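*Asks:* fold the stuff below for me.
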Amino acid sequence: MPLPPDANAPKDFDFIIGEWLVKHKRLNARLAGCTAWTEFEGRTSTMKILGGFGNLEDNLLHFPEGAFRAAAMRSYDPTSGTWSIWWLDGRNPTALDTPVVGRFSDHVGLFFADDFLDGQPIKVRFIWTARPGAHPRWEQAFSSDQGKTWETNWEMEFIPAGRGER
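*Replies:* Model prediction:
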């Protein structure tokens, strides 16, 4: 039984609530000059939490080497007007990734974090695109030069489940 939403809850991520088929495209090696990508499918289910000031996304990813589960948790800070997004990989269930933080403008959300890749400092960028009438899209990019240049390493397209599209 879902709890009632808060009337003041933000609507930024309402586009992703529900059940989705996901088309993934992931760069085979990150920040290594790689140009080869692997494509695979997955499923996701997202529901509101915290009265609408957050949401929880349950993922099933069908990598070529085998399926695994993951979760994304998002929460909104009304004081700063920003969202934070955490990722929990089921293959390492005791560690949340460093959260990316950002906001939406004109149906595009930009989120950033400072993190590490193979012991080296990097910047992480998520871009959520939620244009009315189009499938939601997400991409992740890394930068090893403090954000001067970005390498996109993962893209996802979300297709509503149950509509027969693949």
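*Asks:* the helices in the protein, which residues?
*Replies:* Taking DSSP state H as the test, none of the chain falls into helices.
*Asks:* sketch out the low-pLDDT regions of it for me.
*Replies:* 1-2, 163-166 (pLDDT under 70).
*Asks:* who does the residue nearest in space to the middle of the chain form a beta bridge with?
*Replies:* Centroid-nearest residue in the chain, with C-alpha atoms, centre = their mean: residue 138, separated by 6.1 Å. Residue 138 has these beta-bridge partners by DSSP bridges: residue 128, residue 156.
*Asks:* these two touch, right, it and residue 125?
*Replies:* No. Taking C-beta atoms under 8 Å as the definition, residue 138 is not a contact partner of residue 125, at 11.1 Å. Yep, even glycine has a C-beta here, placed from its N, CA and C like the rest.
*Asks:* tell me the contacts of the residue nearest to the centre of the chain?
*Replies:* 126, 127, 128, 129, 154, 155, 156, 158 (C-beta atoms under 8 Å, 6 or more residues apart in numbering).
*Asks:* so the last one sits against residue 135, correct?
*Replies:* In other words, residue 158. Yes. Using C-beta under 8 Å, residue 158 is in contact with residue 135, at 5.7 Å.
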